[in-house]
Each structure stands twice: as structure tokens, then as C-alpha cells.
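[1] Have a look at this prediction, sequence included:
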Number of protein chains: 2
Amino acid sequence: MGISIKDIARALNISPSTVSRALNGAYGVKKETREQILEMAREKGYVPHLGAKELVNKRSNLIGLIIPETDFEVRPAFFETFPSLIKTLRMYGKETIMISLPPDRYEPGELPRICKARKLEGVVVLPGFLENHPVLRDVLDMKLAAVVLEESTQGRHCSNLGTDEVDGACRAVRHLIQSGHRRIGFVNGPRDLVYICKLRYEGYLKALQEAGIPFDARCVIDSDFTGRGGARSVLTLIERNPGMTAVFFANDLMAMGAIHALQEQGMRVPDQLSVMGYDGLFVGAYFTPPLTTVQIDHARIGISAAEMLMELMNGQTGRSRVVKPELVIRESVKILPSFDN
Amino acid sequence: MGISIKDIARALNISPSTVSRALNGAYGVKKETREQILEMAREKGYVPHLGAKELVNKRSNLIGLIIPETDFEVRPAFFETFPSLIKTLRMYGKETIMISLPPDRYEPGELPRICKARKLEGVVVLPGFLENHPVLRDVLDMKLAAVVLEESTQGRHCSNLGTDEVDGACRAVRHLIQSGHRRIGFVNGPRDLVYICKLRYEGYLKALQEAGIPFDARCVIDSDFTGRGGARSVLTLIERNPGMTAVFFANDLMAMGAIHALQEQGMRVPDQLSVMGYDGLFVGAYFTPPLTTVQIDHARIGISAAEMLMELMNGQTGRSRVVKPELVIRESVKILPSFDN
DNA sequence: CTGTTAGCGCCTTCAA
DNA sequence: TTGAAGGCGCTAACAG
């Protein structure tokens, strides 16, 4: 099929090893010969067979990108880390192979088998597998360099990278408080299923506490991260809490669904109810009102994930890292006049 | 490192070739021996080295997924084909490797080199490379099975798969006409850069023609697929066309940006201006008003792309296929009373 | 500086 | 039914 090292050796009447040396390390080959070889390689369009190299070098330069086969609507921001992640890995000479795994129906041992078969050098696990999910456990057991996004999984060969969810949520709610809101609702995601929901909840509590606002369980409701869920939940919340002036949603999608539902009921946002999102979906900017939210820098996360993986592959020990999200103030939160500072 | 075929041969005091046979073709091995081998393989956790297999079998089972390194906002729906595409390929025993290429700064020959080096069996090219882009030309030259999404590139080994853009746009505009609109604006994408823009334009013209509505160039404007662009463009269009009652946008993002801008100007949608989108982003459902749009079934496209690639790999000739998009009627288009049918 | 030899893990003749 | 030998494309160790 393709041109091999032998072909060009034969053409030049030299040995394959010399060709190999010229093409790689370069040292220990007469300049003249090397140039001939390089020339001939170019001429014949030689491309090294990476698979064969791997066989002898024991380095595949392959990184697995593990993505959960889940309903897309749940995490639309999900794929935004891809471009920067892949690009950064490529800068390190690593290529990315996709491994799509069904969170339900996952057979333990499947992932390790794939990794062994392809001799992957590391994996990046995208969010979608819950704490202690068999996939995560296999990742830990494999003793293969791994970076887990958003979950707290960590080990000798496993780092995790997330946003500072507690801080993000806390700042969101703090912003509401600073805008004069005291009775603040919280529509969370599925707290028992998704790790970050716990953290966002923590942030909510923390901000209230700081401000000396007593916690009221009636202000909090667990939902499902969908627009419809957000709509349903906000309506429930309003009914339960007549004095509530603002609601913090654990993601933008729910916030958007809620705003829509409220407007359908003839309520004005933010005049009658302020809404705070979380995620920073860019479509939020085109909402009416434009959604105030907490923005996650996905491109940055992709880069960091790649870098952390390289660290691990260089023998460093697994660690934890969080990037701080950013508060994006748009127009869905009203500043209550009495607190106008 | 890992367990090899030899290890299990030695443990059983038989030859590696027998083990190989037992593990693969299975024929020509005594049932008893085979069972011993299988048992031992399981016990030792044997996993075949795919790279080594490839070396002898000449089949890598690797498919390249070519994605353009572009600004994310431009095509948010972009990644929605991923899950189904990867999953389907996996069902065919193929794994997916990501190849991210910069549309500008692309060096011709780069892609073929990557494909050769990894011995890829085929590629799927995601949208983002314009007609006749060097990447597309290389794809054609490689004579490797390839499925190109959205562009019309085709060849002996190259199929293309898109949605029926003309039909989609035509149906969108037809819906506006049936709702009683006559003077209908069109905010297109960058027509000179993105192939589908031409098709959507065609559909727009076709629908007008069908209805006997004369074309007016002042009703059409090329924009850039962003929310801000849509906002700017709709304002221009309104100024130029006082009698205009509806606008068709070549993507949802622009439609959303436009709706937002209109509402900021105090205009009501759809009462004063009807808006039609294109893409079917699910967040559109949470807009106020919920966006009427043309929906593309990305999951279906992923599946079809995989299947078309397999066809090509089985020796069939490149072909063209379009899937029909679906009109999703929500509330951003007003039915004008006079035409109430 | 260069060629020879051996082997990575696997499969496929060809013989036994 | 099984084993031995050879080779896929490449590199590393050892001679020369």
C-alpha cells in the first residue's frame, strides 16, 4: 500500500535502519546521506506508519475522550470544551479518540478494555457520569492518566477539573442580595444525581448565611435542568412564596424556560421577579430580558484539562483544580430601590 | 506490559498460532483446546493489541472526524450530530478519531498525511469548510471513503449529506405566505462564504415565485449568523421596508438576536413583525414568543452519515443525500386576519 | 557513519 | 488439529 522505510532504503541502496535514523533522531547519519534520504522520502510521499511505530515505541500518542451517551438537552454547553481540548492535545502531539459510553447499561471493564486495546495514554472524562459511577471507578482502577471534568473523582493518576461551583453560585446569590433581594428562591438540578448541584446548593446557602438571611426550605426546589422543568418549578415556588422577589436557577436552560413561563402568565421579568441563571449560554444575551448569569469559560477548561493530563503523563500525582466562573450582569435582575447602593 | 497471545500460549504449553486461531476464526481448533484458551484468556485478562492486528490485517477500524477550528457561536448546532454518529460507527466496529483543522492556515496535504499515518479507513467532514476549500479538495484527492456534511462535494469515494435546504427555506417562507404575509424580508448568512446560504436563498425565492409575489432586493440582506448580526440586519430591513410584516432568518441565532432587538425598540413580535428562524435550536421553545422555525434532525444526520460512510467503504460509489427538515410552528409568526384560512 | 540482527504482537501460509 | 516460520513497518542494540 503505502511507501515504507524499506522502499526508500532500497531505492537508495542503503539499509532501512539508516533511513529510520535519518528520519528520526537524525544523529549519527552523514549529512549527505541524510539529505538524500529526506529528499527521497519527500519525493515518494513517505508517511510513517504510526501503528508500527507504536508497536516498537510503546507509545500510541492516543488520548481517549470519554463522552456519555445522554440526552442532549440536558447539557448543551457540554461540547464547548472540545475544540480547545483537542487542539491543545494536538499541540502536545497527542491525538484524540472518542469513546461514547452509555451511563446506564455500562458494563464494568468495558472502558479498561478499550484503553488497553488501543493502548491509550490517557483519558479525559466529560461530565455526565455521576459520582461513583462504574465508569469513574474503572477510570480509577485502570491506573491510566485521567482527567475528570466536574466530578470530584481523584487518585494517584487521576486529576479533576471543575469550576468553583460553590463560589459561582455564591456570587450569583450575593449579587441578588446586593441588589436588594432578601427572599430568594433556588431551582436546583437533580441534586441526588449530579454532583455539581450539591455545590451550587452550598453556594446558595453560603451567600444567604453571609448576609444573615435565614434559610427557608420552601424556597428551594429540585428540578431537572430542562426548560420545562424550570418553568414548572418557578411556578410552584411562586405559589409557595408570595414574598419572593428573585430566583436563582442552577442552569440557564431552566432560567429561560422559567422566564418564558412567567411571561406567559403575564408576569414581568425582572420587575415582578428577578431571574439569575448559571452557565453563560451565549443565547442568553438575546433573551428578553437578557439573562444575568454565571459564565463558565469552556475554552479555558479544555486547555487546562489537556495540560493537567500531560502533567499526569509526566508522572505527577493527581490533583484538583477549579477555575473561577464569572458573573455576567445583564438585565434579568432588578435592583430594588430601597437598597440602591 | 499487557498480556500477549504468547503468554497464554506458554501457560498452556501450546503454540501462539493456535491461540490466535482460537481467539479469532475459531475454525480448525479442537473444541477442548479452544475452551481452555478462552478460559485462560479471560482469566489473564487478555486484550488483543489492536495496533498489532492492524499491522497484519491492514485494517485500522479508525474513522476520522474532521472538525473545523472555528468560532463556536457561528454554528452551535454543530456538535449535535456527534453522539449518534459516533455511536453508529461504533456499532459497525469503527472507532472515531478527532481531527481538528483550521480553515484558514490549513496546509494542503496535511489531512492526507494524517489519514495515511493512522491508516484511517474513512472520514466524516463536519460543516465549516467552504466549497472548494483545500481540505475538501484533499478529501477528494485522497480517494479515501468520505462523507461531507452540508457541502456539495462529491466524488467516486465521497458522498455528501445535507438537509434539503431549498425545501426547508421554501416551506418556511411558504408558511409565512400562508399566514397572510406578502412583504417578507430575508436575513441570510454570509452567502459568499457558506454554501447553504445560497440554498436557503433559493428556497426563499422559490416560495415567493410560487405565490406570485414579486422579488424585491431591498427585502434581502446578507448577515453573519450571529445574534448581533441578526439584530442589526432586521433593523436595517425595517427601515428600508415599511410595509414588511414578516422576516425569515437563515438561522435561529439571528432570529433570536433580532427578536430581542425589536423588543428593545418597543416592537411586539409577532404582532408588529413576524419572525421565522431556521435550525430548530431547542432553546427557541423558551423564547418569548417561542420561535417558529425549521428543525433539522441532527441525530438522524449522524446516523445517516455513518451509514453512508459504510456504504462507501463497501465499495459503493459516492452519492448525494438530503434529509427533509421539519417545520416547527410555535408563536413567532402571526396569522394575518384577512387571509385566515 | 552504516549495516545486520532481533523483536514489538499478531496472523497466515505451509508442513507435520 | 496443531506447530514452525515468516512477515507487517519500524526501531534499538550491536557490530563493523
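    Received it, and whenever you're ready, just let me know what you need.
[2] which outside residues touch the host helix or strand of A:Ile37?
    Using DSSP states H and E, A:Ile37 falls within helix A:31-44. Outside helix A:31-44, the residues within contact range by Cβ atoms under 8 Å, 6 or more residues apart in numbering or on different chains are A:3, A:7-8, A:11-12, A:14, A:18-19, A:22-23, A:26, A:29, A:46. Bear in mind the C-beta positions are built from the backbone N, C-alpha and C, glycine included.
[3] repeat that with 10 Å
    A:2-5, A:7-9, A:11-12, A:14, A:18-23, A:26-30, A:46-48 (Cβ atoms under 10 Å, 6 or more residues apart in numbering or on different chains).
[4] And the helices in chain A?
    Along chain A, the stretches classed as helices by DSSP state H are A:5-12, A:16-23, A:31-44, A:50-57, A:82-91, A:110-118, A:134-142, A:165-178, A:195-210, A:227-240, A:252-264, A:298-313.
[5] can these go into a markdown table with extra columns for mean neighbour count?
    Formatted as a markdown table, those follow (neighbours: other Cβ atoms under 10 Å in any protein chain shown):
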| stretch | mean neighbour count |
| --- | --- |
| helix A:5-12 | 17 |
| helix A:16-23 | 18 |
| helix A:31-44 | 15 |
| helix A:50-57 | 16 |
| helix A:82-91 | 21 |
| helix A:110-118 | 20 |
| helix A:134-142 | 20 |
| helix A:165-178 | 22 |
| helix A:195-210 | 20 |
| helix A:227-240 | 20 |
| helix A:252-264 | 26 |
| helix A:298-313 | 20 |
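[6] Just put these in a markdown table and tack on mean pLDDT and distance to A:Val124.
    Formatted as a markdown table, these follow (pLDDT from 0 to 100; distance: least, Cβ to Cβ, whole Å):
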| stretch | mean pLDDT | distance to A:Val124 |
| --- | --- | --- |
| helix A:5-12 | 91 | 33 |
| helix A:16-23 | 91 | 31 |
| helix A:31-44 | 90 | 34 |
| helix A:50-57 | 92 | 20 |
| helix A:82-91 | 92 | 7 |
| helix A:110-118 | 95 | 12 |
| helix A:134-142 | 96 | 10 |
| helix A:165-178 | 97 | 19 |
| helix A:195-210 | 94 | 17 |
| helix A:227-240 | 96 | 28 |
| helix A:252-264 | 94 | 24 |
| helix A:298-313 | 95 | 5 |
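[7] among the ones you listed, which is nearest B:Thr163?
    Closest of the helices of chain A to B:Thr163 is helix A:82-91, at 22.5 Å (criterion: Cβ to Cβ).
[8] Check which helices and strands the closest one sits against.
    Contacts defined by 3 or more Cβ pairs under 10 Å, 6 or more residues apart in numbering or on different chains; DSSP states H and E place helix A:82-91 against strand A:62-68, strand A:95-101, strand A:122-125, helix A:298-313, strand B:62-68, strand B:95-101.
[9] Which of these sits closest to DNA strand C?
    Ranking those by proximity to DNA strand C (Cβ to the nearest atom of the strand) places strand A:62-68 first, at 15.4 Å.
[10] And the helix holding A:Ile37, how far out from the chain middle?
    45 Å (Cα atoms, centre = their mean, to the nearest Å).
[11] hmm, it in reach of DNA strand D?
    No: figure legend: helix A:31-44 not in contact with DNA strand D (Cβ under 7 Å from any atom of the strand); closest approach 9.8 Å.
[12] can I get the helices and strands packed on helix A:82-91 in JSON lines with distance to DNA strand D?
    As requested, the helices and strands packed on helix A:82-91 are exported to JSON lines (distance: least, Cβ to the nearest atom of the strand, whole Å):
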{"stretch": "strand A:62-68", "distance to DNA strand D": "16"}
{"stretch": "strand A:95-101", "distance to DNA strand D": "17"}
{"stretch": "strand A:122-125", "distance to DNA strand D": "21"}
{"stretch": "helix A:298-313", "distance to DNA strand D": "18"}
{"stretch": "strand B:62-68", "distance to DNA strand D": "15"}
{"stretch": "strand B:95-101", "distance to DNA strand D": "18"}
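[13] ok so, going back, out of the helices of chain A, which comes closest to B:Ser332?
    Each of these was scored for nearness to B:Ser332 using Cβ to Cβ, and the closest is helix A:252-264 (12.3 Å).
[14] Dump the closest one to PDB, restricted to CA.
    These are the backbone C-alpha positions of helix A:252-264, laid out as PDB (Å, rounded to 0.1, in the frame of the first residue of the first chain):
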ATOM      1  CA  ASP A 252     -29.600  28.800  32.100                       C
ATOM      2  CA  LEU A 253     -32.000  26.500  30.400                       C
ATOM      3  CA  MET A 254     -34.200  26.300  33.400                       C
ATOM      4  CA  ALA A 255     -34.000  30.100  33.800                       C
ATOM      5  CA  MET A 256     -35.000  30.600  30.200                       C
ATOM      6  CA  GLY A 257     -37.900  28.100  30.500                       C
ATOM      7  CA  ALA A 258     -39.000  29.900  33.600                       C
ATOM      8  CA  ILE A 259     -38.800  33.400  32.200                       C
ATOM      9  CA  HIS A 260     -40.900  32.200  29.300                       C
ATOM     10  CA  ALA A 261     -43.500  30.600  31.600                       C
ATOM     11  CA  LEU A 262     -43.600  33.700  33.700                       C
ATOM     12  CA  GLN A 263     -44.200  36.000  30.800                       C
ATOM     13  CA  GLU A 264     -47.000  33.700  29.600                       C
END
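[15] helices and strands around it, which ones?
    So helix A:252-264, by 3+ Cβ pairs under 10 Å, 6+ apart, packs with strand A:184-188, helix A:227-240, strand A:246-249, strand A:274-276, strand A:293-295.
[16] Out of these, which gets nearest to DNA strand C?
    Nearest of the helices and strands packed on helix A:252-264 (Cβ to the nearest atom of the strand): strand A:293-295, 47.0 Å.
[17] Say whether chain B is contacted by that closest one.
    No: applying Cβ under 10 Å from any Cβ of the partner chain, one finds strand A:293-295 separated from chain B by no less than 13.2 Å.
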